[in-house]
Structure formats: structure tokens, C-alpha cells
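>>> Here is a sequence with its predicted model. Questions after.
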2 protein chains.
Amino acid sequence: MGMGRPRAFDADAALDRAMDVFWRHGYEGTTIAQLTEAMSINPPSLYAAFGSKEGLLKAALDRYTEKRDAWMDKVLNAQTAHEVAERFLMEHADAQTDPANPPGCLLVQGGLACGTGSENVPFELAARRTRTEDQLRERFVRAKAEHDLDENVDPTTLARYLSAVTSGMCVMASSGATRETLREIAAVSLKAFEEQTKG
Amino acid sequence: MGMGRPRAFDADAALDRAMDVFWRHGYEGTTIAQLTEAMSINPPSLYAAFGSKEGLLKAALDRYTEKRDAWMDKVLNAQTAHEVAERFLMEHADAQTDPANPPGCLLVQGGLACGTGSENVPFELAARRTRTEDQLRERFVRAKAEHDLDENVDPTTLARYLSAVTSGMCVMASSGATRETLREIAAVSLKAFEEQTKG
DNA sequence: CCACATCTGTAGCGAACACTACAGATATGT
DNA sequence: ACATATCTGTAGTGTTCGCTACAGATGTGG
């Protein structure tokens, strides 16, 4: 018994293309026709590989998360909590205005509110955002253990604050905010972080 | 010559219903069927009154902006710039978690990224967000003239920062953040504001 | 070289979409 | 009371949506 005809396209490259479309148009604003064209495959290939439109999104999100984890490693490996916050904010400002990608972040532009039948999509995106928040919190917990952060600092609050600011930057990036504008916001936020970690 | 049969529904009440649907499902996630059911009218009445789905959204946004302006007046009439920022942040935390409305804010949940043919929608929402930002900036310009804010403070930066934070709060509200969580974020942001206005 | 398993491309499926034609209802102005 | 103008409800329109049946292509294992 044979093993069948091999796939004629690279799944990861195709996912990168799909990611871009979802990112630019949101989940519900994206059509299968746009996806198949961007991925240079036909619908049956898409459905054989990913199951459904939502399955494709999840696969794209998995790939997005992979890349993001690698990126977060760089951020989290900074020496101090302050430097973690600084890198996190500034790298976000740059990433969200990187001309190689659509503005903002897939986890926000992908869809905050969806229609009946796609209720799972905002939930899925939120779970990935929470992941980042958790990674930050864990890092700040460690910083407390290392006496890098003060005793009375709440890692959860810090992580939530940074997460909120970068999500807000996504919204502004989607309406054309420049890299400089986002960096300005990041700089102000960093001062808040400093102030918070002193008190 | 007669003036025709009068409209049998209240347009403003219908707009409030439409607003809720757009807010909860986003522009593209909302169907005409959902709208007509929520508004308790039939499609021809909707189209006679508002022209199109996008026309209805704009009318709903106009009504939303009206209410928001009244709300912003209360905020902007605070005595000091610091109190303006405090009210703005805290009222946002409360409004975005008001059980009477869907979580977040129509201007964000409505749709950051839309499909081909609806490119105008994110633009329209962004314009309304910019309006709020402009109102804040003008208020901070005044605060500078009144020597309430220091000479070297940039009103644009302050307004952008507050706008970014509240937009970020919208994202978090959409994934179930509680009022207390948002207030915590608002409190941290306010410290940033204080720090920024000192330096 | 052959049986088989899987992929590819064409072509199109039913359902849901935004939107509207039309006929009847209900007001106004004279 | 009557002509007119606009609204309402029913019942659709054409289009696009996500998705798939099917036949031919292309590989593997024996």
C-alpha cells in the first residue's frame, strides 16, 4: 500500500501568507478566496490541510505564537524587570509598525467581536494574549524573588498594565499611528512602570 | 398633496438597539437579520431610514458620539488636568464594564480590520477615536495656558497616552477583564500621567 | 509495474448574505 | 372625501460565502 501523493506546497510558508491576510482583514473580513490566492493553493488543499477556515486560523495562530515566543525569550532574558518592560514596550512599538507586516498585532486585529458561529475566535485570540501576560507575570515574580523588584510590587498588576498598553498601541497602529508615536507612548508607559516599582 | 404615512418606530430607540448589536458582534459579524430583529422593524424600513448597513452604522456612531460628548463634557470640566486624566481613566474603566452595554467600546469593538468593501468602517471608527483624543489635547493646551500644566509638557503626548491606555482597556474588557482589573490599570496609568506632568 | 493512498484542480453545492420589488396600509393637504 | 406621499410587511432578488464531490495526477510500498 502506497503513501499517497505528497503535498505540493510548504505548509509553513502558506501559513505565513494566511497570517498576513487574517491580520490585515480580520477573521470575518477574510474570505477563503483571498486565503487560497495568497497561499497559492486551491480550496481542497486548504481544507485537507487545515480542516476549516477556523482551523486555518488556529494553525496560523500557533505559528504566530511560535515566533512570538522566540521574540519574548529575548525580552524576558533581560537582566532587570525594568529592562524587560523597556524592551517589551519598545519592541512592540517597532513590531506593530514594521512595514513587513500589517499594522498592529494579529491577536488584536484578528477580531475582538465576532458574529454568531465565530464566537470561538475572539476567545482564541484572547487566550494567546493572556499567554504573553502570563509570561510577563512569571518574569516579574522571578524578579521579586531575586530582589530586583520590591516586596510590595504586584507582578499581576504590572503584567496587566504592560499588556493593556501594548494592546492600546495595536488600536492606534491600526489607524495609522507612526513608529515614533508608539515609541512616545511606550516611553510614557515606562515611566509609569518605574513609578509603580518604586512605590 | 399629502405627507405620507408616518414612521411607526422611534429612530433613536432603534439606533440604540443597533448600536448594541454592532458593539457586541462588530460591524462584519452583524447581520441585517440581527439588526432588524433587535430594532423590531423590517428590512425596508431600515433601508428607507438609513440607506445601507454602513449608513446605519454611521447613524449609530453619530448617536454614540452625541452621548460620548455629553460624557466627555463632565470629564473635561474637571478643575485640573490631573483630575481630567483621573476621571477619564476611571470613567472608562466603569463604562467599559457597565453590564448595561457590551464590554469595551463601540469605537474599538466595532472593527479594527475589515474586509474588502468595508475599508471605510475602521476609518470611520478611528475618526471618532481621534475626536476624543483631540478633545483631551485641547483641554491640556488650556491647562498649560492656565499654568495648571508645566511649560515643557506636551499635550499631544499626554492625550495620545491616555487614548492608548483606554483603547487597551477595551481589548482587555472584550476578553472578560473585570471592573476592578481595569481600575487597577487606570490607577497605574494615572501615576504615569503624574510623573509625565512633573518632568 | 502495479495497487493504493493522498494530493491537486475544476466546477459547483446549499446556505446565508445585503438588499429590494411590490402591494397594501396610513397618514397629510385640499 | 379624495389624491398623494410615505411607510410597512411579505417575499423574494442576485451575489458571495464557506465548503466539497469528483476525476485526474503523482507519489509510495510490494
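Arrived safely.
>>> Could you pull up the contacting residues of A:Val21?
Residues counted as contacts of A:Val21 (Cβ atoms under 8 Å, 6 or more residues apart in numbering or on different chains) are A:30, A:34-35, A:38. All C-beta atoms are positioned from the backbone trio N, CA, C, and that covers glycine.
>>> Which pLDDT value belongs to the residue nearest the centre of chain A?
Ranked by distance to the mean C-alpha position of chain A (Cα atoms, centre = their mean), the top residue is A:Leu107 at 4.7 Å. Each residue has a pLDDT score; the one for A:Leu107 is 98.
>>> Provide the contact partners of the helix or strand containing it at residue level.
Assigned by DSSP states H and E, A:Leu107 belongs to helix A:106-109. For helix A:106-109, the external contacting residues (Cβ under 8 Å, 6+ apart) are A:19, A:22-24, A:26, A:60-61, A:64, A:102-103, A:125, A:128-129, A:167, A:170-171, A:174, B:112-113, B:171.
>>> The very next helix or strand once past it vs chain B: in contact?
Beyond helix A:106-109 on the C-terminal side, the first helix or strand identified by DSSP H and E is helix A:120-145. Yes - contact of helix A:120-145 with chain B (Cβ under 8 Å from any Cβ of the partner chain) involves A:122-123, A:125-126, A:129-130.
>>> Work out the gap between stretch A:182-194 and the centre of the chain.
Centroid separation for stretch A:182-194 versus its chain: 19 Å, with Cα atoms, centre = their mean, to the nearest Å.
>>> Tell me which stretches of chain A form helices.
With DSSP state H applied, chain A shows helices at A:11-25, A:32-39, A:43-50, A:53-76, A:81-96, A:106-109, A:120-145, A:155-174, A:179-198, listed in chain order.
>>> Most tightly packed of those?
Among those, the stretch with the highest mean neighbour count (mean count of other Cβ atoms under 10 Å in any protein chain shown) is helix A:106-109, at a mean of 27.
>>> Low-confidence bits of chain A, can you list those?
Along chain A, the model assigns pLDDT under 70 to residues A:1, A:199.
>>> how close does A:Pro99 sit to chain B?
Computed as Cβ to the nearest Cβ, to the nearest Å, the A:Pro99 to chain B distance reads 17 Å.
>>> that older thread, which one of the residues of helix A:120-145 next to chain B sits closest to A:Leu89?
Distance to A:Leu89 across these (Cβ to Cβ) is lowest for A:Arg129, with 15.6 Å.
>>> How far off centre is the helix holding A:Leu107?
With Cα atoms, centre = their mean as the basis, the distance from the averaged C-alpha position of helix A:106-109 to the chain average is 6 Å.
>>> do stretch A:181-197 as well
Relative to the centre of its chain, stretch A:181-197 is centred 20 Å away, using Cα atoms, centre = their mean.
>>> Tell me which residues touch A:Trp71, please.
With contacts taken as Cβ under 8 Å, 6+ apart, A:Trp71 has the following neighbours: A:91, A:95.
>>> A:Thr65 now?
Neighbours of A:Thr65 in contact, by Cβ under 8 Å, 6+ apart: A:128, A:131.
>>> how about a cut-off of 10 Å?
For A:Thr65, the contacting residues are A:72, A:106-107, A:127-128, A:131-132, taking Cβ atoms under 10 Å, 6 or more residues apart in numbering or on different chains as the criterion.
>>> so which of those residues comes closest to A:Leu15?
Comparing the contacts of A:Thr65 against A:Leu15 with Cβ to Cβ places A:Leu106 closest, at 11.6 Å.
>>> Any figure for the gap between the closest one and A:Arg63?
Plainly put, A:Leu106 is 10 Å away from A:Arg63 if you go by Cβ to Cβ, to the nearest Å.
>>> Give the residues shared as contacts by the two.
In terms of Cβ under 10 Å, 6+ apart, A:Leu106 and A:Arg63 are both contacted by the residues A:Met19.
>>> how about whatever residue of chain A ends up closest to DNA strand C, phi and psi?
The shortest separation between chain A and DNA strand C is 1.9 Å, found at A:Gly4 (distances taken as Cβ to the nearest atom of the strand). Listed backbone geometry of A:Gly4 is phi 80, psi 160, with angles given as degrees, to the nearest 10.
>>> Please tell me how far it sits from A:Ala59.
Distance of A:Gly4 to A:Ala59, computed by Cβ to Cβ: 21 Å.
>>> And A:Ala95, by the same measure?
Applying Cβ to Cβ, one obtains 21 Å for the distance of A:Ala95 from A:Ala59.
>>> repeat for A:His147
The value you get for A:His147 to A:Ala59, if Cβ to Cβ is used, is 42 Å.
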